[in-house]
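> Here's my sequence, what's the structure:
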Amino acid sequence: MASGGGCVAGIHSLNEHAACLKSFFNSLNTALPEGYTISEHSMADNSRKHPVVLYIHGESYDWGSGNPYDGSVLASYTDQVIVTMNYRLGVLGFLNANMAPQTKARVANYGLMDQIAALQWVKEHIALFGGDPNNVTLMGQGTGAACVHFLAISPTVVRGLFKRAILLSGSALSSWAVVEDPISYAMKLAKAVNCSIPEDLFKDNELIVDCLRDRSLDELMQVDIQPPTFLSAFGPSVDGVVIKPDFQKDLLSYMGPEFQGFGPLSKKAEHGAPITSNNKYDLLFGVTTSEALWKFAEKDVQQGFEGERRDRIIRTYVRNAYVYHLTEIFYTVVNEYTDWERTVQHPVNTKDACVQALSDAQFVAPLVQTGDLFTLRHTKKPNNPHIAPIPESEKEPLPKTYFYVFDYQMKDGDYPQ
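Below you'll find the model as predicted:
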């Protein structure tokens, strides 16, 4: 299929909004296995159904597109149907002015809703392109991987839309994955375009959204809202619909309180029923070496930098990613990522250690934790002695979990080593 246009990251008028949605529905790009063709009736000429991969791009929650990702080579080599998509980004995709998602759930994660719509489209129509609607893998990279993780635990996603999840260098447990205080960014945007802020935000927060909908795209795109370093102003957040207020419990809590950390177990868990929904998919997750290297300029990569700059970078990350014990965390990280066997710390070694610390904190550790918790979900026995074990005949096949590390470094890449 031909590539569709990407959606501009912003809220716009009704006509612009409709144009973007039309672009979205034209933006599902499909690559077929080698030798397959589509007839004039859009029916795959061959009857055999092939596995399907739906890819969610993930350069940023604010910008990007699925169009540059040509799935034809992967489709030819793997005998799969590859689908890429566009979804609403930035303000248009993730503005959340809801002060009380716990009691008043309203959709705010429209970017995630677009992804769910793409999954539903694939389920209904991919057979016409030679794909198997019952064998769909949802794959994402970076912020796209975090989106995949959110969809894997979201009650809004109907079971059966996809069978497997692939998280490439991203997880919903990453510090950058979710916007913790979305209302503050909504208010900053509203003030910047002269929208009045209601006195009672809990009661009248919809007035902010109504006002922003009356503003033009140009007005909204001229506003530059800078979040803290390493975080996002507009990204997935708790809206009570796609992402529930207790989503962290859904990510982290299992059959025993030793894996909990977010308060007492729910009544469902006390009776032995799983309180997570991320146990129904096969999972492949992994990282590359030096995940955070792209954040540094070429000069820094080649020449390195001194410990003073490393300290500033790590202090900034700790300050923006944690709430308590900031000083202790900072010194622990510096100590752990310093080669004390070297009497003199070369700037390149200091840079490498800083990159490794940021990579581990933002990508590696959250993904490893994701895999550990996912696996524990299937190995941990119920801690209630009154729960009768499930008969073998009634047990469903356990999902599989795989982990990879990709460490190939090209000689002619952006950062050759």
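
> Next up, the contacts around residue 319.
The contact partners of residue 319, taken as CB atoms under 8 Å, 6 or more residues apart in numbering, are 228, 326. For the C-beta atoms, the positions are set from N, CA and C on the backbone; glycine is no exception.

> In the stretch of helix or strand it belongs to, which residues are buried?
Here residue 319 sits within helix 307-321, counting by DSSP states H and E. Within helix 307-321, the residues that qualify as buried are 310, 313, 314, 315, 317, 318, 321, counting by 16 or more other CB atoms under 10 Å.

> Show me the beta-bridge partners of residue 284.
residue 166, residue 402 (DSSP bridges).

> Count the residues that sit near it.
A total of 18 residues lie near residue 284 under the criterion other CB atoms under 10 Å.

> Wait, it touches residue 404, no?
Yes: contact criterion CB atoms under 8 Å: residue 284 and residue 404 qualify, at 7.1 Å.

> Of the buried residues of helix 307-321, just say which sits nearest to residue 134.
residue 321 (39.6 Å; CB to CB).

> show me what contacts the closest one?
175, 230, 231, 361.

> does the residue positioned nearest the centre of the chain count as helix, strand or coil?
The centre of the chain sits closest to residue 146, judged by CA atoms, centre = their mean, with a distance of 1.6 Å. Classification of residue 146 by DSSP: H, G, I helix; E, B strand; the rest coil places it in helix.

> check contacts around it.
Residue 146 neighbours (CB under 8 Å, 6+ apart): 58, 140, 170, 171, 172, 174, 176, 177, 178, 236.

> again, only this time at 10 Å
56, 58, 61, 140, 167, 169-174, 176-178, 235-236, 366 (CB atoms under 10 Å, 6 or more residues apart in numbering).

> per-residue confidence at it?
The model reports residue 146 with a pLDDT of 96.

> Please apply the same query to residue 302.
You'll see residue 302 listed with a pLDDT of 89.

> ok, back up a step: tell me the residues that contact both of residue 284 and residue 404, please.
Contact criterion CB under 10 Å, 6+ apart; residues shared by residue 284 and residue 404: 166, 168.

> Excluding chain neighbours, what is closest to residue 173?
Nearest non-adjacent residue to residue 173, counting by CB to CB, 6 or more residues apart in numbering: residue 366, 3.9 Å away.

> need the contact list for that neighbour.
146, 149, 167, 170-177, 285, 287, 360.

> Which helix or strand contains it?
Per DSSP H and E: helix 365-379 holds residue 366.

> quick one: strands adjacent to the biggest strand by length in the chain?
When the chain is parsed with DSSP state E, its longest strand is strand 131-141. In the sheet, strand 131-141 lines up against strand 50-56 (parallel), strand 164-168 (parallel) (DSSP bridges).

> mind saving the C-alpha coords of it as PDB?
C-alpha atoms of strand 131-141 as PDB (Å, rounded to 0.1, in the frame of the first residue of the first chain):
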ATOM      1  CA  GLY A 131      -2.400 -11.900   6.800                       C
ATOM      2  CA  ASP A 132      -3.600 -14.000   9.600                       C
ATOM      3  CA  PRO A 133      -5.800 -11.900  11.900                       C
ATOM      4  CA  ASN A 134      -5.300 -14.400  14.700                       C
ATOM      5  CA  ASN A 135      -1.500 -14.200  14.500                       C
ATOM      6  CA  VAL A 136      -0.700 -10.500  15.000                       C
ATOM      7  CA  THR A 137       2.500  -9.300  16.700                       C
ATOM      8  CA  LEU A 138       2.500  -5.700  18.100                       C
ATOM      9  CA  MET A 139       6.000  -4.200  17.900                       C
ATOM     10  CA  GLY A 140       7.300  -0.800  19.000                       C
ATOM     11  CA  GLN A 141      10.600   0.900  19.500                       C
END
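
> Rounded mean pLDDT for that strand, please.
Computed over strand 131-141, the mean pLDDT rounds to 96.

> With stretch 182-194 instead?
93.

> Show me how far it is from its chain's centre.
Stretch 182-194 has its C-alpha centroid displaced from the chain centroid by 24 Å (CA atoms, centre = their mean, to the nearest Å).

> mind listing what's buried in that stretch?
Those would be 182, 183, 185, 186, 187, 189, 190, 193, for stretch 182-194 by 16+ other CB under 10 Å.

> mind showing which ranges of the stretch 301-417 of the chain have poor pLDDT?
By pLDDT under 70, the low-scoring segments of the stretch 301-417 of the chain are 377-396, 413-417.

> Comparing the strands paired with strand 131-141, which comes out most buried?
strand 50-56 (a mean of 25; mean count of other CB atoms under 10 Å).

> who's in contact with the very next helix or strand once past that strand?
Remark: after strand 50-56, the chain's next helix or strand is helix 72-78, criterion DSSP H and E. Helix 72-78 has contacts (CB under 10 Å, 6+ apart) with 29-36, 50-51, 53, 55, 71, 80-83, 130.
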